[in-house]
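Enquirer: fold the following.
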Amino acid sequence: MKKILVAGGAGYIGSACAEYLLDRDYEVVVFDSLVTGHVKAIDPRARFVQGDLADRETIIELCRKEKFDGIMHFAAFSLVGESMKNPSKYFRNNLASAINLADAAVEGEVGHFVFSSTAATFGQPERVPISEEDKQEPINPYGESKLCFEKVLKWYSRIYGLKYAALRYFNAAGATGNYGEDHSPETHLIPIVLQTARGKREKMMVFGEDYPTADGSCVRDYIHILDLAQAHMLALSAPESGHYNLGTGNGLSVKEIITAAEKVTGKPVAYDVAPRRPGDPAKLIACSDRARKMLGWKPTMESAEAIIESAWKWQLKHPDGYCDR
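Expert: The predicted structure is shown next:
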């Protein structure tokens, strides 16, 4: 059994990864401030430590005491629009507090550090699918804060020997049997589509239908959170430090997601078309060959229907989300 610290384990992806590890006999300690996370998203088999990564001494002492075999870092703010209005919030939390966690990993002699990065580090892509070697020029403070910490990890690996994997995933989606999406505000497409299908929203907005895509709406690469969880577990034993894109390689447009949701739910999804949002690329699709080759990663839920069905089942069980804040 390995002992893993899951920072941000009360959040959407962190909770799914904690559950995935526990199902495979890992010992898990969840560290979360609950600023955006939910108590009910913490697997009861995990040990929970409430705290903030901004509290440098607390996280360093925890890692010294517990002797973790690995750290998974999910504790970040992730609203692109908010980052354009309040960049300080994003650099303080996503960079400065993350450095505290990296220092704790060094002080605690942690074996592996798995970082939840993002496709937002690439900005406007020059080509799709996007590979790890493509140019990284973020177009918002959120993407920049993640890229900055990737660079921190590179130097910590060189100077301290900290083994790390930065996983740049594209559009996380779906739910496990127990844990799903409950954001405030909700900004992810699939939960918004499903909220519209069950009448919680009167209608949704499609931002732009004049993109150079088959149906004019944006195309994204959706990856199920269980496939993300598998990649994080495999990254704990990555043969070398580095970066990995995570995606299915199959792009789905906004309108294709709506159509698939109508098929899964048997309900219509009303929408209006609004102007494009500034900075939205037409297509974001991952080339994940490196993860498949180096980590032995094999996504198992690649179809839109499978991803949406899992999210739909979770919403029906939790119509008001976790209801703990």
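Enquirer: OK, contacts around Ala289?
Expert: Slight slip there: residue 289 is Asp, not Ala. Asp289 sits next to Ser131 when contact means Cβ atoms under 8 Å, 6 or more residues apart in numbering. Every C-beta, even on glycine, is put in place using the N, C-alpha and C of the backbone.
Enquirer: need the pLDDT of it.
Expert: With respect to pLDDT, Asp289 scores 95.
Enquirer: quick check: it vs Arg45, distance?
Expert: As judged by Cβ to Cβ, to the nearest Å, Asp289 and Arg45 stand 34 Å apart.
Enquirer: next, give phi and psi for Lys298.
Expert: Per-residue torsions, Lys298: phi -140, psi 100 (degrees, to the nearest 10).
Enquirer: how many other residues sit next to it?
Expert: Other residues within reach of Lys298, judged by other Cβ atoms under 10 Å, total 11.
Enquirer: grab the nearest non-local neighbour of it.
Expert: Arg292 (6.9 Å; Cβ to Cβ, 6 or more residues apart in numbering).
Enquirer: residues near that neighbour, how many?
Expert: Other residues lying near Arg292 total 16 when counted by other Cβ under 10 Å.
Enquirer: hang on, it in a strand?
Expert: No - counting by DSSP: H, G, I helix; E, B strand; the rest coil, Arg292 is not part of a strand but helix.
Enquirer: tell me if I'm right that it and Thr248 touch.
Expert: No - Arg292 is not in contact with Thr248 according to Cβ atoms under 8 Å; the separation is 10.8 Å.
Enquirer: just the helices from the stretch 201-325 of the chain, written as ranges.
Expert: Here the stretch 201-325 of the chain has its helices, by DSSP state H, counting those that start in this stretch, at 225-235, 254-265, 289-290, 304-317.
Enquirer: among those helices, which is nearest Ala173?
Expert: Among those, helix 304-317 comes nearest to Ala173, with 5.0 Å by Cβ to Cβ.
Enquirer: which helices and strands does that closest one pack with?
Expert: On a contact count with 3 or more Cβ pairs under 8 Å, 6 or more residues apart in numbering; DSSP states H and E, helix 304-317 meets strand 171-173, helix 189-197, strand 219-224, helix 254-265.
Enquirer: what's the angle from it to helix 254-265?
Expert: Here helix 304-317 points in a direction 60 degrees away from that of helix 254-265 (axes from the mean of the first three to the mean of the last three Cα atoms, to 10 degrees).
Enquirer: can you give the distance from helix 304-317 to the centre of its chain?
Expert: 18 Å (Cα atoms, centre = their mean, to the nearest Å).
Enquirer: for it, what is the average pLDDT?
Expert: Rounded mean pLDDT across helix 304-317 is 96.
Enquirer: for stretch 53-72, same thing?
Expert: Averaged over stretch 53-72, pLDDT sits at 97.
Enquirer: could you tell me the end-to-end distance of stretch 264-274?
Expert: 25 Å (Cα to Cα, to the nearest Å).
Enquirer: cool, and stretch 63-71?
Expert: 9 Å.
Enquirer: His232 and Glu19 touch, don't they?
Expert: No - counting by Cβ under 8 Å, Glu19 is not a contact partner of His232; they are 11.6 Å apart.
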